[in-house]
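Chemist: From the sequence below, what's the structure:
(chains A and B)
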Amino acid sequence: MKVINITKEFDSKFIEQVAKESGENPYLCYQCGNCTAGCPFTEFFDYPVSQIMRLLQQGQKETILRSKAIWLCATCETCTTRCPCQIDVAQIMDTLRVIARRENYVSEKEIKLFFDTFLESLKKHGRVFELGILLAYNLKSGKIFTDVDLGPKVLLKGKIHLLPTKIKGQEKVESIFRKLAERVSGNE
Amino acid sequence: MNNRRYAYYSGCSLESTAREYNESLKEVFRLLNIEIKEPEDWSCCGSSPAHTVDPLLACALGARNLALVEKMGLDVVIAPCPSCFTVLKRAHLKMKKDPEVRKKVNEVIDEPYNLKVSPKSALQILYEDVPPEKISEMVVYEIPELKVAPYYGCIVTRPPEVAEFDDAENPISMDRILESAGIEVCDFPFKTECCGAAFGIAKKEIVNRLSYKVIQMAKDSGANCIAVCCPLCQQNLDLRQGQINRLMGTNFQIPVLYFSQLLGLVFGISPKRLGIDKLVVDASWITRSMRKAEKKVGNKEKEPEAEEE
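Modeler: Residues are numbered from 1 along each chain as shown, chains lettered A, B, ... in the order given. Predicted coordinates:
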């Protein structure tokens, strides 16, 4: 069993940062476990969501940002819907993932790669090009056979475009990404 | 007759892997006199990935499209894909609640969004804006062998503060719509369990295992068909059903149809136009077992008798 020394690793600024960025108060959690009970992903998590909440209250930045759970959360909103303290738990998980990405803690590289590939496609065309995402993901991940079994199914049914659709306002979409990136680098 | 005009944001999935959702919804809307218009040059909403990178990015990608709808002079936009719906609705609610967010977002999008649009799911439009009798009146076929598990997925009703529609734990809108169309639905305990969502490519096994539970429960509930309102749910349950069978040693052959396809079938629209042939798990037995409806669909049987008198 892993032992976490909570006094040694306590980081109060981290709690404040998460509270500010998520707009939620983590101290409201009284560990009822309702979120974990309903979480469809809990069997795949290293730390169940209620333990993430407890770790957060204890300022355990390293453990949280290194966890797989914050990447595996699918934002299904069950925890948020059922929290008796009205904490938007899924928002906190999302904020933790945003911080992890920013500070280069990536415990689930494939998930990050998929998200990045998706957003690259969006930026480049203004809409996402599904076949392009799959091919780019397979190349970059080195798992070149991901979902090849599905290829013939969607191709034969004419369900997937072979070429991307580029919208007229593509550069307007791209400028959203650019302006937000400038904002981040300007602030920090 | 209902003659409202709505903006219609189809979204990327409905242009490709979920094209049968797009085609069948448009057919159903046409029959119900629901007039829809697509915003010109709409862009992708950012779906799940955007909010995992930057909450402002997600908001801005949603708001750009809401601004396009605003320019059309329409106050409701239908977003059939729950992922698009939740992005658009969240962008709207966040900008409404927080003037600081509104300012920041409007600075990065080409045209400002002035909070005049209400995003709704296709399910919400058909449940709230179309009287159930209207749906019953359109029915020309019945499918007596069909027993449907109504599967809503995660976010069309969750969280309630965002969706502002139906019940988060036990939604009934799809049940009622299908019942109004004379389609039998079963009690389905996994209406809002998660299919694994957007992790199909990166974490296939997790998605397969979660989707397996949904299909198994549908089977255990006595269903021989699953009805969905989400492109991602449909893809995980239908396109990946073969993967599930290989992983779990099952032999599922359960067709997964968009609820709009089922409506279209009983409304008498040709299966071809509804994209029934686009489904991966064969659904041809459903179309084969269709037969002309005797006019008794809906909850009331009073009409024919009153006329005969």
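Chemist: Residue A:46 in helix, strand or coil?
Modeler: Reduced to three states with DSSP: H, G, I helix; E, B strand; the rest coil, the structure at residue A:46 is coil.
Chemist: pretty sure it is touching residue A:70, no?
Modeler: No: the pair formed by residue A:46 and residue A:70 falls short of the contact definition of Cβ atoms under 8 Å, at 9.8 Å. Every residue, glycine included, has its C-beta placed from N, CA and C.
Chemist: okay, the two: which has more neighbours?
Modeler: residue A:70 (28 against 15; other Cβ atoms under 10 Å in any protein chain shown).
Chemist: per-residue confidence at the more buried one?
Modeler: Reading off the confidence values, residue A:70 has pLDDT 98.
Chemist: Tell me who's in contact with it.
Modeler: With contacts defined as Cβ atoms under 8 Å, 6 or more residues apart in numbering or on different chains, the neighbours of residue A:70 are A:52, A:64, A:93, A:96, A:97, A:100, A:107.
Chemist: try it again with 10 Å
Modeler: Under the criterion of Cβ atoms under 10 Å, 6 or more residues apart in numbering or on different chains, the contact partners of residue A:70 comprise A:45-47, A:49, A:52, A:64, A:92-101, A:105, A:107-108, B:52.
Chemist: do the same with residue B:207
Modeler: A:74, B:194-201, B:232, B:235-237, B:240, B:243-244.
Chemist: Could you do residue B:192 as well?
Modeler: The contact partners of residue B:192, by Cβ under 10 Å, 6+ apart, come to A:38, A:40, A:76-78, A:81, B:151-158, B:167-171.
Chemist: From the contacts of residue A:70, list just the buried residues.
Modeler: With burial judged by 16 or more other Cβ atoms under 10 Å in any protein chain shown, the buried subset of those is A:45, A:47, A:49, A:52, A:64, A:92-101, A:105, A:107-108, B:52.
Chemist: hmm, the helix or strand bottoming out on mean pLDDT in chain A in reach of chain B?
Modeler: Counting by mean pLDDT, DSSP states H and E, the weakest-scoring helix or strand in chain A turns out to be helix A:151-156, with a mean of 85. Yes: where contact is defined by Cβ under 10 Å from any Cβ of the partner chain, part of helix A:151-156 touches chain B, namely A:153, A:154, A:156.
Chemist: same thing with stretch A:95-114?
Modeler: Yes: in this structure, stretch A:95-114 sits against chain B according to Cβ under 10 Å from any Cβ; the contacting residues are A:95, A:97-98, A:100-102, A:108-114.
Chemist: count of neighbours near residue 132?
Modeler: Assuming you mean chain A. Using other Cβ under 10 Å as the criterion, residue A:132 is surrounded by 18 other residues.
Chemist: if you could check chain B rather than the one you did, that'd help
Modeler: The burial metric for residue B:132, expressed as a neighbour count using other Cβ under 10 Å, is 16.
Chemist: Please name the nearest non-neighbouring residue to residue B:200.
Modeler: Once flanking residues are discounted, residue B:200 sits nearest to residue B:207: 4.8 Å by Cβ to Cβ, 6 or more residues apart in numbering or on different chains.
Chemist: and if you look at residue B:42?
Modeler: For residue B:42, ignoring the flanking residues on the chain, the nearest one in space by Cβ to Cβ, 6+ apart is residue B:65 at 5.2 Å.
Chemist: so residue B:58 touches residue B:45, yeah?
Modeler: Yes: in this structure, residue B:58 sits in contact with residue B:45. The criterion is Cβ atoms under 10 Å, and the distance is 8.2 Å.
Chemist: Looking at those two, which one has more neighbours?
Modeler: Summary of the neighbour comparison: residue B:58 and residue B:45, criterion other Cβ under 10 Å, with residue B:45 having more neighbours (28 against 25).
Chemist: Give me the pLDDT for the more buried one.
Modeler: Predicted confidence (pLDDT) for residue B:45: 97.
Chemist: what's the helix or strand for residue 36?
Modeler: In the absence of a named chain, chain A is used. Residue A:36 is part of helix A:34-38, with elements assigned from DSSP states H and E.
Chemist: that answer is for a different chain, and I need it for chain B
Modeler: Following DSSP H and E, one finds residue B:36 within strand B:35-37.
Chemist: so what strands line up beside that strand?
Modeler: Under the criterion DSSP bridges, strand B:35-37 sits next to strand B:5-8 (parallel) in its sheet.
Chemist: So for the partner strand, what gets flagged as buried?
Modeler: Buried residues in strand B:5-8, defined by neighbour count with 16+ other Cβ under 10 Å: B:6, B:7, B:8.
Chemist: With the flanking residues excluded, which residue is spatially nearest to the last one?
Modeler: In space, not counting the residues next to it along the chain, residue B:8 is nearest to residue B:36; the distance is 3.8 Å by Cβ to Cβ, 6+ apart.
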